[in-house]
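*Asks:* everything below, folded, please.
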Amino acid sequence: MPGRIIQSVKKARAANPCFVLDEIDKVGKDFRGDPASALLEVLDPEQNSSFHDNYLEMEYDLSKVLFIATANTLSTIQPALLDRMEIIQISGYSTEEKTAIAEKHLIPKQLQEHGLKKGQLKLTEAGLIKVIQDYTRESGVRSLDRQIAQICRSVAHKVATGAKFKPTLSEEDIEKILGPRKFNMERFLGGNPPGVAIGLAWTSVGGEILFIETSLSPGKGGLKLTGNLGEVMKESAVTALSYLKAHSQEYGIDPEVFNKTDIHVHVPEGAIPKDGPSAGITMLSALASAFPDKPLRQLVAMTGEITLRGRVLPVGGIKEKILAARRLGIQTVVLCDENKQDVEEVPVRYRKGLRFRYVTEMGDVVRYMLQLRR
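*Replies:* Next up, the predicted model:
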């Protein structure tokens, strides 16, 4: 039989259809061959005008076909194949967007599938937000759809058995149906002791708060890093410590203390792997707070990479990080001055209630977080 590409062209009955290659990052490789290598000819605009199908044993012009591929991560896509694609990054849904999708699409669909009338089940906005934040952790709405289906099944069972039920479900009712919450979005953000800094991280399920804790003990100047950190975060911690040693007198730290102190940096939730170039200034702030035993500003989160020269570098995932900060009660976000444009692209309603502090130098971060004068 002809290959899937030619079969799909025949099915579309057009020479210029739109093909969707779903989950292209899941393409496997085994003894029968490597599909990613075959896709090079399909997706390369310089080659696909003479695509060769082994069954037809003739060339076919695919240059008029629009190929759209989806992926959850770029790291598993073959580099040569990735080079032939135009990358469009799509951020996850915010809580507000998920609420609107649930009200307009998911709830009506599940009511119909479970044989319920519109007046037999009503979820308030507060109830929907509880389901989204306490029972799902995703960038899309697939898991949210399943949770709403579970609520509908519970109500449908009561309707079928003739039991009494309340059409409008409160947050307590939702917890009875779905059980104890699976994800605790609340963090103890106020009153953090010296050596604890709050960072913002991007994950595949959106923005997250990241605590970085530092502990000092008598020793010989060793640095210990725990919390399932990747190489990039380990390098950020080493860079932050080297910078602090070189500029210790500027921040009122005795240089000799580094030779007499062992440093332990820990990122909680050690079962979850963590990596990325966003925790540099958070590592720096945690270390700068631990040595003088002075707490950092409260309800302030930060994101940005650092260099040995003292520069703060821009990072990505700004929208998701801002949404996480706003959701968890952060008041001020510290980030690189070059990320100002990214912040302005985030809708005003998502930035409401947040202040932004833009920095270019690592010294600016330390002085602001420790409330030091120049």
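*Asks:* where does the prediction get shaky in the stretch 1-150 of the chain?
*Replies:* For the stretch 1-150 of the chain, the stretches flagged by pLDDT under 70 are 29-33, 55-56.
*Asks:* I'd say residue 373 and residue 367 touch.
*Replies:* Yes. With the criterion set as C-beta atoms under 8 Å, residue 373 and residue 367 qualify as a contacting pair; they are 7.4 Å apart. (Glycine included, C-beta is placed from N, CA and C.)
*Asks:* which of those two has more neighbours?
*Replies:* Each of residue 373 and residue 367 has its neighbours counted (other C-beta atoms under 10 Å); residue 367 has more, 17 against 4.
*Asks:* the more buried one - that's part of a strand, no?
*Replies:* No. Using DSSP: H, G, I helix; E, B strand; the rest coil, the assignment for residue 367 is helix, not a strand.
*Asks:* for the stretch 251-374 of the chain, which segments count as helices?
*Replies:* For the stretch 251-374 of the chain, the helices defined by DSSP state H, counting those that start in this stretch occupy 280-290, 318-327, 340-345, 348-351, 362-370.
*Asks:* go through stretch 43-57 and flag the buried ones.
*Replies:* Buried residues in stretch 43-57, counting neighbours by 16 or more other C-beta atoms under 10 Å, are found at 43-44, 48, 51, 53.
*Asks:* helices or strands up against the host helix or strand of residue 237?
*Replies:* In this structure, residue 237 sits in helix 231-246 according to DSSP states H and E. Applying 3 or more C-beta pairs under 8 Å, 6 or more residues apart in numbering; DSSP states H and E, one finds that helix 231-246 makes contact with strand 223-226, helix 280-290, strand 305-306.
*Asks:* just checking, what packs against the first one?
*Replies:* So that's strand 223-226. Judged by 3+ C-beta pairs under 8 Å, 6+ apart, strand 223-226 is in contact with helix 231-246, strand 261-266.
*Asks:* of the helices of the stretch 251-374 of the chain, flag the one that's most buried.
*Replies:* Mean neighbour counts were taken over these using mean count of other C-beta atoms under 10 Å, and the top value, a mean of 28, falls to helix 280-290.
*Asks:* how about the strands in the stretch 51-200 of the chain?
*Replies:* Under the criterion DSSP state E, counting those that start in this stretch, strands of the stretch 51-200 of the chain are mapped to 51-53, 58-60, 66-69, 122-123, 168-169, 196-203.
*Asks:* and these: which comes nearest residue 322?
*Replies:* Smallest distance to residue 322 across these (C-beta to C-beta): 8.1 Å, for strand 196-203.
*Asks:* the inter-axis angle of the closest one versus helix 231-246?
*Replies:* With axes from the mean of the first three to the mean of the last three C-alpha atoms, to 10 degrees as the criterion, the two stretches strand 196-203 and helix 231-246 enclose an angle of 150 degrees.
*Asks:* in whichever helix or strand comes after strand 196-203, which residues are buried?
*Replies:* As assigned by DSSP H and E, the chain's next helix or strand after strand 196-203 is strand 206-218. Buried positions in strand 206-218, judged by neighbour count with 16+ other C-beta under 10 Å: 206-214, 216.
*Asks:* any chance of those in a markdown table with pLDDT and distance to residue 61 as columns?
*Replies:* Below are the buried residues of strand 206-218 laid out as a markdown table (pLDDT from 0 to 100; distance: C-beta to C-beta, whole Å):
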| residue | pLDDT | distance to residue 61 |
| --- | --- | --- |
| 206 | 70 | 42 |
| 207 | 76 | 44 |
| 208 | 81 | 47 |
| 209 | 83 | 52 |
| 210 | 86 | 50 |
| 211 | 89 | 56 |
| 212 | 91 | 55 |
| 213 | 91 | 60 |
| 214 | 93 | 61 |
| 216 | 92 | 68 |
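*Asks:* make JSON lines from those residues and add distance to residue 80 to it.
*Replies:* Output for the buried residues of strand 206-218, formatted as JSON lines (distance: C-beta to C-beta, whole Å):
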{"residue": "206", "distance to residue 80": "31"}
{"residue": "207", "distance to residue 80": "32"}
{"residue": "208", "distance to residue 80": "33"}
{"residue": "209", "distance to residue 80": "38"}
{"residue": "210", "distance to residue 80": "34"}
{"residue": "211", "distance to residue 80": "40"}
{"residue": "212", "distance to residue 80": "38"}
{"residue": "213", "distance to residue 80": "42"}
{"residue": "214", "distance to residue 80": "43"}
{"residue": "216", "distance to residue 80": "48"}
